[in-house]
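# coordinates for the following, if possible.
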Amino acid sequence: MAQSMNTKVEYVCSATAFKGIEQYGKIMVGDKSFEFYDDRNVENYVQIPWEEITYIVADVAFGGKWLPRFEVQTRQNGSFRFSAGKNTKPLLRACREHMPADHLVRALTMTQKLSRGIKARFGK
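All right, here's what the predicted structure looks like:
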């Protein structure tokens, strides 16, 4: 049985985890960790302590009106992509309480990615 690391839960919402295939479940933001639990199989979960998270990178669309997905980057275990639908903004605000503000960043836009790729390929 999965045990939560949190002693106090601050925010819960429905979400989708992109780990190979889409998994639907709930994200819990608590006092000690960021957690995702699958709806079908509770033993399929992700628990990330706040000390382990380096950055949360959010894809921003339409000038900040829509946040389709975000990525949690960790020190040792790589990164995890999630989508919370319309609940992404309140979810990231709850995460901001436990992380420094400069560790919540915007992802690069498509034009920024293309220009960096061209500069890397052909030089300056």
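# Arg75 and Ser14: what is the separation?
According to Cβ to Cβ, to the nearest Å, Arg75 stands 27 Å off from Ser14. Placement of C-beta: from N, CA and C, glycine included.
# for Thr74, same thing?
Distance of Thr74 to Ser14, given as Cβ to Cβ: 23 Å.
# between these two, tell me which one has more neighbours.
Regarding Thr74 and Ser14, a neighbour count based on other Cβ atoms under 10 Å identifies Thr74 as having more, with 17 against 14.
# and the more buried one, how close does it get to Pro90?
22 Å.
# can you check Lys26 too?
Applying Cβ to Cβ to Lys26 and Pro90 gives a distance of 14 Å.
# for these two, indicate the residue with more neighbours.
Lys26 (16 against 13).
# show me what contacts the more buried one?
Residues near Lys26 by Cβ atoms under 8 Å, 6 or more residues apart in numbering: 12-15, 36-37, 39.
# now restrict those residues to buried residues only.
Members of the contacts of Lys26 that pass the buried threshold by neighbour count (16 or more other Cβ atoms under 10 Å) are listed as 12-13, 15, 36-37.
# could you work out the most separated pair of the residues you listed?
Greatest spatial distance among these (Cβ to Cβ): Cys13 and Tyr37, at 11.9 Å.
# got the CA positions of the lengthiest helix in the chain in PDB?
Using DSSP state H to assign secondary structure, the helix with the most residues in the chain is helix 110-122. The C-alpha coordinates for helix 110-122 follow below in PDB (Å, rounded to 0.1, in the frame of the first residue of the first chain):
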ATOM      1  CA  MET A 110       9.300  27.100 -30.500                       C
ATOM      2  CA  THR A 111      11.100  30.000 -32.100                       C
ATOM      3  CA  GLN A 112      13.600  30.200 -29.300                       C
ATOM      4  CA  LYS A 113      14.300  26.500 -29.700                       C
ATOM      5  CA  LEU A 114      14.700  26.800 -33.500                       C
ATOM      6  CA  SER A 115      17.000  29.800 -33.300                       C
ATOM      7  CA  ARG A 116      19.200  28.100 -30.700                       C
ATOM      8  CA  GLY A 117      19.400  25.000 -32.800                       C
ATOM      9  CA  ILE A 118      20.400  27.000 -35.900                       C
ATOM     10  CA  LYS A 119      23.000  28.900 -34.000                       C
ATOM     11  CA  ALA A 120      24.500  25.700 -32.500                       C
ATOM     12  CA  ARG A 121      24.600  24.100 -36.000                       C
ATOM     13  CA  PHE A 122      26.000  27.000 -38.000                       C
END
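# fine by me, we can end here.
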